[in-house]
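Asker: coords please:
(chains A and B)
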Amino acid sequence: MAKKLSGFLIFLSLVLILSSCESAEGKQDGKIKLTWWDYYGSEAAVAMNNAIKTYEKAHPNVEIERIEVPFGELKKKILLGAAGGELPDILIIDNPDHQMLAEAGILADLTKKVKVWGQEKNYFEGPLSSTVYKGKNYGIPLGSNNLALFYNEDLLKEAGIKPPKTWDELKSASEKLTHDDVYGMAVSAVSQEEGTFQFLPFVWQAGSDLKHFNNKGSIDAISLWKQLIDNQSMSKGVLTQTQQDVALQFINGKTAMMVNGTWQIPVLEKEKKLKWNVVGLPGYKKNSTILGGENYAITSTSKHKEAAWNVLLFMQEKENAKKILIQKGNLPPRKDYIQDDYWQKDPRLKVFANSMEFAKARAYGAYYPSISKEIQKMMQEVLTGSMPAGQAVKQASQKIKPYIPQ
Amino acid sequence: MNIETDISLQRNITMESRKKAKRKKVLGNYLFILPGGIFLLLFLVFPIGYNLKITFEDLTALNILKDQSFVGLENYATVLKDKIFLLSLKNSVIFTGLCIFFQFTIGFAFALFFNKKFPGRNVMRALILIAWMIPLVITGTLFKWMFAGDHGIINHLFMWLGLIDQPIHWLINDHTSLYSTIIANIWIGIPFNMIILLAGLQSLPEETYEAAKVDGAGKVRQFFSITLPLMKPTILTLLVLGIIYTFKVFDIILIMTGGGPVNSSTVLPFYSYEMAFTNYNFSLGATVNTIMLGLLILVALVYLWLVRKEENV
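Answerer: Predicted structure coming up:
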């Protein structure tokens, strides 16, 4: 009995060992199998799958396995995959994470391939800069978006005002638009990357930057938000509202204006009753907006970098790229593609398309996530009123100093 | 003489074969624990060991593919000196203490109530369990909306009752954010406490109560002299489980406040998560986890000591 049992157990453990050893990657019957991770859901996922199918049809020797991961999970999955030696060949990553993953050695250096390809001049500076780290290319931009000011046309007409172009106009417009349970203005100041994303354009508009954060511009930027809250023309609730929550408030007519991104256009277009329009973010010392969106990258551990690069080139061809960009609600990161009628004829899309020239990427090196966390904390300190703006900005600038690349 | 040695020899032989048989049996028994042993090793001992190992290294996202260096106790020093660590430790103690106290007392009250026989008892008991069954993400979001400053139902109610005249931003105020999450977590934990206590109550011998009644003991006396002492083992187990569960609560905090504003509702598990997955400093995250594990082992040891004391009496 004992013998039988131990025999069975040995068999069992052998099965376990063998099954865990089975290799997942590699060539099967001469076919190159590429794996692909991204966070594209719903319509964008369909567009992605179609593009992949088209590629496979044209290249019968390549098989692509696409795995969809929720946005918030992808970065963790990549890091765990790197630790466990199980990374895919192709990655789609949020642009502020690009430099960190490059520094971690997870992404393959594509400098030579990009040079040979010779098309990087066609890209806007913002998206391209997010793929470059220490002078080397670690990917190519996929799709871009940026922030602008959405406004409710009916509410503005009622109050008899025009969409604000400067910070002063923004303040007075927000005040006039606020009544009963409607707030004039809304942003997302949530303690997540989204919060930093929404705040940075205001810092840049005031002539400041994360690289020299301790100055009057930064104080002006956060004070503007604080004043809007103190005047009650912006809800204190912005501290817990994500950009999606803000859009919901806007759709329900609870806020007359909001800062939000390109990707909200398809969402708002579904609301037939809502009359809305969009203008560039109001300026202060200068006009500025922030770049969002994602990039393609190839992992350093990929055994088929050439094949993966070919896939990326295919995805960058105009017709293929256009379908994916439209379904995702993104703008092309390329100056040539953005001239397409789709982005030029629609006046709302054109606002975003025009901003691409100066949309700035969060290219602050490998420690950007830690920098961002400190900025979020500073925003919370000031907006909850637990610390004066000047002190909070000074403290944050000291905290982020070691993380800023020299 | 001859016969005697013969007998002792024979005895030796039988003892030998018996030993062999016994050894075989022991081996067989060990084989039975092998699967469980392997499971524990793979899914418990290894991860905890690895976690412990990286607390002495400098593993971050940036050197995950490179070599990590040994840093000794530096991570522990960094964490223990961090003001946010001390704040989250304090928050964790407040969170666990208040949650356990209210979950337990309210749960006990419900258990006593449902221990009575009345029509509709089973339906109501099942309904109360819903709080325990709803996924935490949903509960967290619901409470976030209820506590919302502008359109939250709690502010609406308080203003209608005339308790406040300005809406309170519960989750954005550093004096109220932690307590809002505590209230949500109490609500979640009541059913669990109730069910365990109710099971305990139902196994209590009825004769004792009858005897007490005959001797003229009132309800209160019965509760303190019979129910509580007899329930002691159940209560102890429940409290220890409760402390361990509550100390680890993370989802509710993440969803409702994100640890904010300015860390005012950060508890230890959330602090560890932030270290590991926002700042990508895995070693510091692991260090906080190890400290938490140490604290919880202390709680478990106290429990074991109490149980042994109980048994010895």
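Asker: longest strand in chain A, by number of residues?
Answerer: In chain A, assigned by DSSP state E, the strand with the most residues is strand A:140-152.
Asker: now do it: distance to the chain's middle.
Answerer: Relative to the centre of its chain, strand A:140-152 is centred 9 Å away, using CA atoms, centre = their mean, to the nearest Å.
Asker: return that strand as PDB; C-alpha atoms alone will do.
Answerer: Extracted C-alpha coordinates of strand A:140-152, given in PDB (Å, rounded to 0.1, in the frame of the first residue of the first chain):
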ATOM      1  CA  ILE A 140       7.500  54.200 -30.700                       C
ATOM      2  CA  PRO A 141       4.400  56.300 -29.800                       C
ATOM      3  CA  LEU A 142       1.100  54.600 -30.500                       C
ATOM      4  CA  GLY A 143      -1.600  57.200 -29.700                       C
ATOM      5  CA  SER A 144      -1.800  60.500 -27.900                       C
ATOM      6  CA  ASN A 145      -4.300  62.600 -26.100                       C
ATOM      7  CA  ASN A 146      -4.100  65.900 -24.200                       C
ATOM      8  CA  LEU A 147      -6.200  68.000 -21.900                       C
ATOM      9  CA  ALA A 148      -8.500  70.900 -22.800                       C
ATOM     10  CA  LEU A 149     -11.400  72.800 -21.200                       C
ATOM     11  CA  PHE A 150     -14.900  71.300 -21.900                       C
ATOM     12  CA  TYR A 151     -17.800  73.600 -21.300                       C
ATOM     13  CA  ASN A 152     -21.600  73.200 -21.200                       C
END
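Asker: buried stuff in the helix or strand that it is followed by?
Answerer: Toward the C-terminus, strand A:140-152 is succeeded by helix A:153-159 as the next helix or strand (DSSP states H and E). Using 16 or more other CB atoms under 10 Å in any protein chain shown as the test for burial, helix A:153-159 gives A:155-156. Heads up, the C-betas are built off the backbone N, CA and C, glycines and all.
Asker: list the buried residues for the longest strand of chain A?
Answerer: Buried-residue list, strand A:140-152, by 16+ other CB under 10 Å: A:140-152.
Asker: now stretch A:212-223
Answerer: So for stretch A:212-223, counting by 16+ other CB under 10 Å, buried means A:213-215, A:217-223.
Asker: what residues does that stretch touch?
Answerer: Applying CB atoms under 8 Å, 6 or more residues apart in numbering or on different chains, the contact partners of stretch A:212-223 are A:199, A:202-203, A:205-208, A:284-285, A:378-379, A:382-383, A:389-390, A:392-394, A:396-398, A:400.
Asker: now stretch A:237-252
Answerer: A:150, A:152, A:183, A:186-192, A:194, A:198, A:225, A:229, A:235, A:255, A:258-261, A:264, A:267-268, A:271, A:274, A:276, A:380, A:383-384, B:144, B:148-150, B:169, B:171-172, B:257-258, B:260-261.
Asker: any idea how far apart the tips of that stretch sit?
Answerer: With CA to CA, to the nearest Å as the measure, stretch A:237-252 spans 16 Å from end to end.
Asker: mind listing what's buried in it?
Answerer: Of the residues in stretch A:237-252, those buried (16+ other CB under 10 Å) are A:237-241, A:243, A:245-247, A:249-251.
Asker: average model confidence for it?
Answerer: Taken as a whole, stretch A:237-252 carries a mean pLDDT of 92.
Asker: that stretch: how far from the chain's middle?
Answerer: For stretch A:237-252, the distance to the chain centre is 18 Å (CA atoms, centre = their mean).
Asker: before we move on, back to that, and the buried residues of stretch A:237-252, which two are furthest apart?
Answerer: A:239 and A:251 (20.3 Å; CB to CB).
Asker: which bits of the stretch 101-250 of chain A sit near chain B?
Answerer: A:103-106, A:181, A:190-192, A:235-237, A:239-240 (CB under 8 Å from any CB of the partner chain).
Asker: 6 Å instead, please
Answerer: A:103-105, A:191, A:235-237, A:239-240 (CB under 6 Å from any CB of the partner chain).
Asker: can you tell me which of those residues is nearest residue B:64?
Answerer: Looking across these and measuring by CB to CB, the closest to residue B:64 is residue A:104, at 5.8 Å.
Asker: any idea how many residues pack against that closest one?
Answerer: 21 (other CB atoms under 10 Å in any protein chain shown).
Asker: ok, which residues in chain B are in contact with chain A?
Answerer: B:28, B:31, B:34, B:61-62, B:64-65, B:149-150, B:169, B:171-172, B:258, B:260-262, B:278-279.
Asker: 8 Å instead, please
Answerer: So chain B meets chain A at B:24, B:27-28, B:31-32, B:34-35, B:38, B:61-66, B:144, B:148-151, B:169, B:171-174, B:257-263, B:274, B:277-280 (CB under 8 Å from any CB).
Asker: what's the ChimeraX line that selects buried ones from those residues?
Answerer: Of these, the buried ones can be selected in ChimeraX as follows, counting by 16+ other CB under 10 Å:
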select /B:31,61,62,63,64,65,144,148,149,169,171,172,173,174,257,258,259,260,261,262,263,274,277,278,279,280
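Asker: now, the residues of chain B next to chain A that are in helices?
Answerer: Judged by DSSP state H, the residues of chain B next to chain A include B:24, B:27-28, B:31-32, B:34-35, B:38, B:144, B:274, B:277 as members of helices.
Asker: where does the stretch 1-150 of chain B get nearest to chain A, which residue?
Answerer: Relative to chain A, the nearest point of the stretch 1-150 of chain B is residue B:28 (3.9 Å; CB to the nearest CB).
Asker: hang on, the earlier thing: and the furthest pair within the ones in helices among the residues of chain B next to chain A?
Answerer: B:24 and B:144, at 61.9 Å, using CB to CB across those.
Asker: name the helix or strand for residue A:175, please.
Answerer: Secondary structure (DSSP H and E) places residue A:175 in helix A:167-177.
Asker: any buried residues in that helix, and which?
Answerer: Buried-residue list, helix A:167-177, by 16+ other CB under 10 Å: A:167, A:170-171, A:173-177.
Asker: got the residues you listed as a markdown table, with distance to residue B:211 columns?
Answerer: What follows is the buried residues of helix A:167-177, written out as a markdown table (distance: CB to CB, whole Å):
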| residue | distance to residue B:211 |
| --- | --- |
| A:167 | 81 |
| A:170 | 79 |
| A:171 | 78 |
| A:173 | 79 |
| A:174 | 75 |
| A:175 | 76 |
| A:176 | 78 |
| A:177 | 75 |
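Asker: strands along chain A, start to end?
Answerer: A:32-38, A:62-68, A:90-94, A:132-133, A:136-137, A:140-152, A:183-186, A:255-261, A:276-279, A:291-298.
Asker: tabulate these (a markdown table), appending mean pLDDT.
Answerer: As requested, these are exported to a markdown table (pLDDT from 0 to 100):
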| stretch | mean pLDDT |
| --- | --- |
| strand A:32-38 | 94 |
| strand A:62-68 | 94 |
| strand A:90-94 | 95 |
| strand A:132-133 | 94 |
| strand A:136-137 | 94 |
| strand A:140-152 | 95 |
| strand A:183-186 | 95 |
| strand A:255-261 | 96 |
| strand A:276-279 | 95 |
| strand A:291-298 | 95 |
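Asker: name the residues that touch the helix or strand harbouring residue B:235?
Answerer: In the assignment (DSSP H and E), residue B:235 maps to helix B:228-247. For helix B:228-247, the surrounding residues in contact (CB under 8 Å, 6+ apart) are B:92, B:95-96, B:99-100, B:103-104, B:185, B:189, B:192-193, B:196-197, B:199-201, B:204, B:208, B:268-269, B:292, B:295-296, B:299-300, B:303, B:306-307, B:310.
Asker: restricted to buried residues, select those residues in ChimeraX.
Answerer: Those of those that count as buried under 16+ other CB under 10 Å are selected in ChimeraX with:
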select /B:92,95,96,99,100,103,104,185,189,192,193,196,197,200,201,268,269,292,295,303
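Asker: hmm, back to that, need the ones in helices among the residues of chain B next to chain A in TSV (columns: pLDDT).
Answerer: Below are those laid out as TSV (pLDDT from 0 to 100):
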residue	pLDDT
B:24	75
B:27	83
B:28	82
B:31	87
B:32	87
B:34	90
B:35	90
B:38	93
B:144	91
B:274	90
B:277	86
